[in-house]
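**Q** turn this into a structure:
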Amino acid sequence: MQIRRANERGYADHGWLRSFHTFSFADYYAPAHMGFRSLRVINEDRVKGGKGFGTHPHRDMEIISYVLSGGLQHKDSMGTGSVIRPGDVQRMSAGTGVTHSEFNASPTEGVHFLQIWIMPDSRGIAPSYEQKHYTEAERQGRLKLVASKDAREGSLALHQDASLFAALLAPGERVAHDLPPGRYAWLHVARGKVEVAGVELSAGDAAAFEQGGEIAVVGREPSEVLLFDLA
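**A** You can find the predicted model right below:
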């Protein structure tokens, strides 16, 4: 298990946007942290009320938005428009090319969300969009599958051999994932505080796993975690 602490991440303050970069991104260049397997970006973004990201293009990337608080308004060149709120998970496959914008849906309250990029297993696919809601009950005390290669168990479909799980943990609650030999895992603490293999991880911290075996996560306070199972 290798730990990546929250205070080791890149940071950018644009006034309307405060963003922490787990991996190399934009002006934060970190050769030792260019990604982990197919996982390329985890940005923790806080956007002020009425502000957001103007229309911009992407190609050949699986982009996942996971909202922690507030509402994120999405529009894209495929004609999709929606507001993403806590419990919603959005997947946009940029493929051959798509333009999109993300704005805070509230004129006054902030929005706090994770922007995740996963490299697809093939280039030049048709752009597509998908969004689903996963209730707190579905995620409480268990690792709920929210995205996968084969869209199993009602998860979003990814164009990559990767599975994304989300869990909410109360103090003392334990979840475990059996990582098969030859696969890799990345655990990101979205909020709260947990313990993994005797190590305490707080919001923004992450842990990488490069051998098969059980990954057990215990809540130390009300927490939210994301676990990536990667080829």
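
**Q** any idea how far R152 is from V146?
**A** 11 Å (CB to CB, to the nearest Å). All C-beta atoms are positioned from the backbone trio N, CA, C, and that covers glycine.

**Q** what about these two, which has more around it?
**A** Counted by other CB atoms under 10 Å, V146 and R152 do not tie: V146 has more neighbours, with 24 against 10.

**Q** host element of that one?
**A** Element membership for V146 (DSSP states H and E) is strand 144-148.

**Q** so what strands line up beside that strand?
**A** Neighbouring strands of strand 144-148 in its sheet, by DSSP bridges, are strand 156-157 (parallel), strand 162-169 (antiparallel).

**Q** most tightly packed of these?
**A** Mean neighbour counts were taken over the strands paired with strand 144-148 using mean count of other CB atoms under 10 Å, and the top value, a mean of 24, falls to strand 162-169.

**Q** and that one, C-alpha only, in CSV?
**A** Presented in CSV, the C-alpha positions along strand 162-169 are these (Å, rounded to 0.1, in the frame of the first residue of the first chain):
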residue,chain,number,x,y,z
ALA,A,162,-12.0,-0.6,-14.7
SER,A,163,-14.6,-0.7,-11.9
LEU,A,164,-15.6,2.2,-9.7
PHE,A,165,-17.2,1.6,-6.3
ALA,A,166,-18.6,4.2,-3.9
ALA,A,167,-19.3,3.7,-0.2
LEU,A,168,-20.7,5.8,2.7
LEU,A,169,-19.3,4.7,6.1
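
**Q** just the angle between whichever helix or strand comes after that strand and strand 162-169, please?
**A** Where DSSP H and E defines the elements, the next helix or strand beyond strand 162-169 is strand 174-179. Put simply, strand 174-179 runs at 170 degrees to strand 162-169, going by axes from the mean of the first three to the mean of the last three CA atoms, to 10 degrees.

**Q** after strand 174-179 comes which helix or strand?
**A** Remark: after strand 174-179, the chain's next helix or strand is strand 184-191, criterion DSSP H and E.
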